[in-house]
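>>> build me a model:
(one chain, ligands or ions: 1)
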Amino acid sequence: MDTLVVDHPLVAHKLTALRDERTDSPKFRRLADELVTLLAYEATRDVRVEPSDITTPVSPTTGVRLSSPKPLVVPILRAGLGMLDGMVRLLPTAEVGFLGMVRNEETLQASTYAERLPDDLSGRQCYVLDPMLATGGTLAAAIRFLVDRGADHITAVTLLCAPEGTARLEQELADLSIPVTVVTAAMDERLNEQGYIVPGLGDAGDRLYGVA
Ligand code: URA
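Residues are numbered from 1 along each chain as shown. Below you'll find the model as predicted:
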């Protein structure tokens, strides 16, 4: 698994405003949207394209277009929804599937409580959206779910990562033979006792949508 921390002054600037506890929900949503679009540019570096013949007003030429099957964007409910518009702005022809994951508090295993995805993801490039890679349990389960359906290339886009989360992903997904990349705006210091990323930005779902 590769982790790409996008190093760009605009990303750092917007992330700082996003983290600020004085930032209200409307501004938080706008900043998250803008940040995701910047991350999407890096996250789609390996998106598959095929040759496309066109004619300009001056002459015929060959360019590229996105290959079929179309990429699939998968926001993880609920907070991943706040990243959807920013992602599809750069991939308007992508299809969108939804995954709801919940953690069983006894077994601590994440499982799926809702899904709206194609049954067969063979040959699909999937872009999973989840703002906070904290313990890594949810993202690991979501990635495995997509791989079990046949996805052969996965990029997770997150706003923040904790080192504990990327370490767990590395460990839990070590057996996968397909490329998995995490693209993020920052690798933070650690998780606290409550499982929050430090310094982090608090609860991303609450800050996006304003309710617990
Ligand atoms: N989920 C969040 O929303 N925030 C964190 O800090 C960790 C997990």
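>>> can you pull the contacts of the residue lying farthest from the centre of the chain?
Ranking residues of the chain by C-alpha distance from their mean position (CA atoms, centre = their mean) puts Val58 at the top, at 39.8 Å. Contacts for Val58 (CB atoms under 8 Å, 6 or more residues apart in numbering) come out as none. No exception for glycine: its C-beta is placed from N, CA and C like everyone else's.
>>> who touches the helix or strand encompassing Gly165?
Assigned by DSSP states H and E, Gly165 belongs to helix 163-172. Under the contact criterion CB under 8 Å, 6+ apart, helix 163-172 has outside partners 1, 3, 133-137, 139-140, 143-144, 180, 182, 187-191.
>>> make it 10 Å
Helix 163-172 is contacted from outside by 1-3, 132-141, 143-144, 156, 158, 161-162, 180, 182, 184, 187-191, 195, 197, using CB atoms under 10 Å, 6 or more residues apart in numbering.
>>> may I see the buried residues of the helix ranked longest in the chain?
Looking across the chain with DSSP state H, the single longest helix is helix 25-43. Going by neighbour count (16 or more other CB atoms under 10 Å), the buried part of helix 25-43 is 28-29, 31-40, 42-43.
>>> same question, stretch 136-154
By neighbour count with 16+ other CB under 10 Å, stretch 136-154 contains the buried residues 136-147, 149, 151, 153-154.
>>> before we move on, what about stretch 13-21?
Burial within stretch 13-21, assessed by neighbour count using 16+ other CB under 10 Å, is assigned to 14-15, 18-19.
>>> what residues does the chain put near the ligand?
Contact residues, the chain versus the ligand (CB under 6 Å from any ligand atom): 132, 134, 195-197, 200, 203-205.
>>> mind doing that once more with 8 Å?
Within the chain, the positions adjacent to the ligand are 79, 131-132, 134-135, 160, 162, 191, 195-198, 200-207 by CB under 8 Å from any ligand atom.
>>> so which of those sit within helices?
Taking DSSP H, the ones among the residues of the chain next to the ligand that sit in helices are 204-207.
>>> Asp117 reaches Leu99, doesn't it?
Just to correct that, residue 117 is Leu rather than Asp. Yes: at 6.9 Å, Leu117 counts as touching Leu99 under the criterion of CB atoms under 10 Å.
>>> and the two? Which one has more around it.
Shown here are Leu117 and Leu99; by other CB atoms under 10 Å, Leu99 has more neighbours (23 against 20).
>>> elements contacting the helix or strand hosting the more buried one?
For Leu99, the enclosing helix or strand under DSSP H and E is strand 98-103. With contacts taken as 3 or more CB pairs under 10 Å, 6 or more residues apart in numbering; DSSP states H and E, strand 98-103 sits against strand 72-77, strand 110-116, helix 137-148.
>>> from the chain's centre, how far out does the last one sit?
Right, the one you point to is helix 137-148. Computed by CA atoms, centre = their mean, to the nearest Å, the chain-centroid distance of helix 137-148 equals 12 Å.
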